[in-house]
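Colleague: below are the sequence and a predicted model for it; my questions follow.
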Amino acid sequence: MRFPYYRRLSRTDQATYRASDAVISIALPDPVALVALLPAVEAGLLADDRGATSRATRRLCAALCEQLGVAPLIVRVLARRPTQAASELHGLYEREPECVPILRVWMRTAAHLRPVAFRTFVRTVLHELCHHFDFELHGLRDTFHTEGFFRRESSLARALLGTSPRRRRDDAALEDAEPPSSRRGRAGRPAQLGLFDDPA
């Protein structure tokens with residue numbers, strides 16, 4: 001299934017979209033070693049300790065990149081999620097020419113300043129890493145939200161979290177939206193809002 005925004009893409013971007021859609025999973029050489037890093041992330045969130053959460057998240061991202069043989073990136077765990085209208089920004093991947101890519105993720109909700117639920121936090125990190133992997137692992141010229149992209153994200157979530165993640169897309173909103181892309185990082189800050197909902 002191709003999302004409606006596909007029709008608005010250039011021919012070059014449509015080819016990139018199709019290439020992204022064709023890849024439906026990411027195989028991890030040693031998921032057990034990665035799962036062993038998750039308790040530290042969860043402990044940091046439960047303690048509302050940004051320093052501990054940041055260190056644990058950086059270790060997880062570095063280990064994922066190392067296992068997949070891709071270039072590392074800068075990982076920053078920030079405090080309160082920024083808001084825009086009725087949405088909260090959960091995570092952000094930024095890539096600029098000649099610069100090390102940056103992954104940002106926020107650990108507290110905007111409304112109540114509570115630590116984000118563990119599974120939601122990890123899924124957000126994996127989502128942003130999938131943008132990185134589009135360039136570094138799959139060799140795509142851009143990164144789009146395609147069905148294949150979300151299936152790759154889900155394959156990582158299943159490998160690390162053990163069960164199939166709850167469906168987290170608002171299809172009506174997402175399918176009609178322009179996807180965040182590397183070009184937005186150059187022309188303006190990319191926005192990835194409303195991709196996840198915290199469980200109550």
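Modeller: Sure thing, it's come through. Numbering: from 1, shown residues only.
Colleague: pLDDT wise, what is the residue nearest to Phe149 when sequence neighbours are not counted at?
Modeller: Sequence neighbours aside, Ser20 is the residue nearest to Phe149 in space, at 5.7 Å (criterion: Cβ to Cβ, 6 or more residues apart in numbering). The C-beta positions use only the backbone N, C-alpha and C, and glycine is treated the same way. Confidence at Ser20, expressed as pLDDT, is 98.
Colleague: Ser20: which element?
Modeller: For Ser20, the element it lies in under DSSP states H and E is helix 11-22.
Colleague: that helix: how far from the chain's middle?
Modeller: Counting by Cα atoms, centre = their mean, to the nearest Å, helix 11-22 is centred 19 Å from the centre of its parent chain.
Colleague: and it, what other elements does it pack with?
Modeller: Judged by 3 or more Cβ pairs under 8 Å, 6 or more residues apart in numbering; DSSP states H and E, helix 11-22 is in contact with helix 147-161.
Colleague: contacts for the helix it packs on next, please.
Modeller: If you take Cβ atoms under 8 Å, 6 or more residues apart in numbering as the criterion, helix 147-161 is touched by 1-3, 20-26, 28, 31, 34-35, 38, 64, 119, 122-123, 126-127, 129-130, 133-134, 143, 164-165, 169.
Colleague: that one to helix 11-22, inter-axis angle?
Modeller: Inter-element angle recorded for helix 147-161 and helix 11-22: 40 degrees (by axes from the mean of the first three to the mean of the last three Cα atoms, to 10 degrees).
Colleague: in helix 147-161, what's buried?
Modeller: Using 16 or more other Cβ atoms under 10 Å as the test for burial, helix 147-161 gives Gly148, Phe149, Phe150, Arg152, Glu153, Ser154, Ser155, Leu156, Ala157, Ala159, Leu160, Leu161.
Colleague: just the pLDDT at the third one, thanks.
Modeller: Translated: Phe150. Here the pLDDT value assigned to Phe150 is 97.
Colleague: distance of it from Arg8?
Modeller: As judged by Cβ to Cβ, to the nearest Å, Phe150 and Arg8 stand 19 Å apart.
Colleague: with the fifth one instead?
Modeller: With distances defined as Cβ to Cβ, the gap from Glu153 to Arg8 amounts to 23 Å.
Colleague: extract the C-alpha trace of the helix holding Ser20 and format it as CSV.
Modeller: Backbone C-alpha positions of helix 11-22 (Å, rounded to 0.1, in the frame of the first residue of the first chain) are rendered in CSV as follows:
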residue,chain,number,x,y,z
ARG,A,11,10.0,10.6,-9.9
THR,A,12,13.3,10.3,-8.1
ASP,A,13,11.7,10.4,-4.7
GLN,A,14,9.0,7.9,-5.9
ALA,A,15,11.8,5.5,-6.7
THR,A,16,13.3,6.0,-3.3
TYR,A,17,9.9,5.5,-1.7
ARG,A,18,9.5,2.2,-3.6
ALA,A,19,12.9,1.0,-2.6
SER,A,20,12.1,1.8,1.1
ASP,A,21,8.7,0.0,0.8
ALA,A,22,10.4,-3.1,-0.5
